[in-house]
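# structure for the following, please:
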Amino acid sequence: MNSKARAVAAANHGLLTRAQALDAGVSPAHIRQMLTSGELVSVRHGVYALGEVWDELDEFSGRPGLRTRAAVRTMRRAWVASHDSSAHLQRLPILNPPEPHVHITRPGFTGAWTKNGVKHHLARFSQDQVVEVDDLRLLDLARTAVDIAREHGTPYGEIACDSVLRRGVSRSALEAALAAMEHWPYVVRARDAVAFADPGAESVVETLGRLLVACLGVDDMETQFPVMLDDGRVLRGDIRVGCHLFEVHGKIKYLPVEQDGLAERPPTEVVWAEKKRERQLHQQGLGTSSIIYEDYWLPRRQVLARMRSEYDDTVARFGSRLPEHLVRNARELRGRRRA
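Numbers count the residues shown, from 1 in each chain. Presented below is the predicted three-dimensional model:
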């Protein structure tokens, strides 16, 4: 690719339209050749990405975000990116649906249609809900989460609402975004997601775990429960119900950092540390069991039966009421953290 075309792409997040390529002196034959070799990647009709830029992006948010940019470049009207697309561009952890689309919104009476991989939404929004990220106009995080909940339902909405609370968005901001949708289609989905939201769910997998635990019909569910050990160290359990801790595990915690994982030591050491951690929690009067990502997608009755059995074992061993010293210590530790 000549330097002029490459400079145009570099100024546009690695994107280059066919018209820009031709204006920069790249012939149609050369464009076809670069598409074949992978130097260019067709992101949508008439819009290309530099191959090295595309290869560096992930499928969770990077590539979907670039697809959104490519789609917006071809729009003739003043749309804003919304729903999943707004989440991708704001690097908000969400769960992508099986058939993802680029989502854009402009003011109008509530309605939607899909064309060429882009879902166009007509819906009211205020100008103070519009933010700008790298020269693109998007709906803000609160509105984005509520839109996702209304569009996709469970578990997508719960994941999005948990994610924005972790990013510092207030619950009142979520409720304000929801209030404007009182008579909109599928608003009940969004109400449920906002009511369920908890910033203590620290990842997509932890939100899925909370949804499973909620299906057990148990009360007193608490996230990031702090436990002080005899030596003064503090451990935190992902989801506490009574005297039982459901620990949520993702494969990423066992992958080395160089493989885009979180493990800074060999997997065997990570697993061994977990075993010692479980014993320390048992010594404090708490039972433990594990939830993994795949559990949410397995037959629900089978998974819930296992979880109920694990919880019942803890009740038989430690009772259903949390010991007073754990209640007292947790209250003190949470107070310190807030301070």
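
# what segments of the stretch 1-150 of the chain are helices?
Using DSSP state H, counting those that start in this stretch, the helices of the stretch 1-150 of the chain run over 3-10, 18-23, 28-37, 51-56, 62-73, 83-89, 141-152.

# the third one packs against which elements?
Right, the one you point to is helix 28-37. helix 18-23, strand 40-44 (3 or more CB pairs under 8 Å, 6 or more residues apart in numbering; DSSP states H and E). For glycine as for every other residue, the C-beta is placed from the backbone atoms N, C-alpha and C.

# need the CA coordinates for it. PDB is fine.
Output of helix 28-37 as PDB, limited to C-alpha atoms (Å, rounded to 0.1, in the frame of the first residue of the first chain):
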ATOM      1  CA  PRO A  28      -8.900  -1.600  -8.100                       C
ATOM      2  CA  ALA A  29      -6.600  -4.500  -9.000                       C
ATOM      3  CA  HIS A  30      -4.300  -3.600  -6.200                       C
ATOM      4  CA  ILE A  31      -7.200  -3.500  -3.700                       C
ATOM      5  CA  ARG A  32      -8.200  -7.000  -4.800                       C
ATOM      6  CA  GLN A  33      -4.600  -8.200  -4.400                       C
ATOM      7  CA  MET A  34      -4.300  -6.800  -0.900                       C
ATOM      8  CA  LEU A  35      -7.600  -8.300   0.100                       C
ATOM      9  CA  THR A  36      -6.400 -11.700  -1.100                       C
ATOM     10  CA  SER A  37      -3.100 -11.400   0.700                       C
END
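
# which residues does it contact?
The contact list for helix 28-37 (CB atoms under 8 Å, 6 or more residues apart in numbering) reads Met1, Arg18, Ala21, Leu22, Leu40, Val41, Ser42, Tyr48, Gly51.

# now the fourth one: closest residue in space, sequence neighbours ignored.
With CB to CB, 6 or more residues apart in numbering as the criterion, Leu22 has its nearest non-adjacent residue at 7.4 Å, and that residue is Pro28.

# against Ala21, how distant is the one you found?
9 Å (CB to CB, to the nearest Å).

# for these two, indicate the residue with more neighbours.
Between Pro28 and Ala21, counting by other CB atoms under 10 Å, Ala21 is the more crowded of the two (24 against 10).

# so the more buried one sits against Lys4, correct?
No: using CB atoms under 8 Å, Ala21 is not in contact with Lys4; the gap is 9.7 Å.

# so which bits of stretch 167-185 are buried?
Residues Val169, Arg171, Ala173, Leu174, Ala177, Leu178, Met181 are the ones in stretch 167-185 that count as buried (16 or more other CB atoms under 10 Å).

# may I have the distance across it, first residue to last?
Chord length of stretch 167-185, first to last residue, is 27 Å (CA to CA, to the nearest Å).

# so which residues make contact with it?
Contacts to stretch 167-185, defined as CB under 8 Å, 6+ apart, come from residues 92, 110, 123-124, 129, 141-143, 145-146, 150, 161, 164-165, 187, 190-191, 194, 197.

# what is the nearest of the contacts of helix 28-37 to Gly209?
Nearest to Gly209, judged by CB to CB, of the contacts of helix 28-37 is Val41 at 36.0 Å.

# ok, what's across the strand from that closest one?
Applying DSSP bridges to Val41 gives these bridge partners: Ala49.

# where are the low-confidence patches of the stretch 51-200 of the chain?
Filtered on pLDDT under 70, the stretch 51-200 of the chain yields no residues whatsoever.

# tell me where it has strands.
Listed in chain order, the strands of the stretch 51-200 of the chain (DSSP state E, counting those that start in this stretch) span 80-81, 102-106, 111-115, 118-122, 130-133, 136-139.

# what's the closest of those to Gln280?
Checking the strands of the stretch 51-200 of the chain against Gln280 by CB to CB gives strand 130-133 as the closest, at 43.3 Å.

# put the alpha carbons of that closest one into PDB.
Only the C-alpha atoms of strand 130-133 are listed here, as PDB (Å, rounded to 0.1, in the frame of the first residue of the first chain):
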ATOM      1  CA  VAL A 130     -24.600  11.400  24.400                       C
ATOM      2  CA  VAL A 131     -20.900  11.100  24.900                       C
ATOM      3  CA  GLU A 132     -18.000  11.200  22.400                       C
ATOM      4  CA  VAL A 133     -15.300   8.600  22.300                       C
END
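
# what's that strand packed up against?
Packed next to strand 130-133, using 3+ CB pairs under 8 Å, 6+ apart, are strand 136-139.

# any idea how far the strand it packs on is from the chain center?
Centre-to-centre, strand 136-139 and its host chain are 18 Å apart (CA atoms, centre = their mean, to the nearest Å).

# got the contact list for Leu4?
Slight slip there: residue 4 is Lys, not Leu. Ala24, Gly25.

# going forward, the N-terminal residue is numbered 351.
Happy to do that; since the first residue is 351 now, the last one works out to Lys354.

# now do it, the pLDDT please.
As predicted, Lys354 sits at a pLDDT of 94.

# gap between it and Pro450?
From Lys354 across to Pro450, the span is 34 Å (CB to CB).
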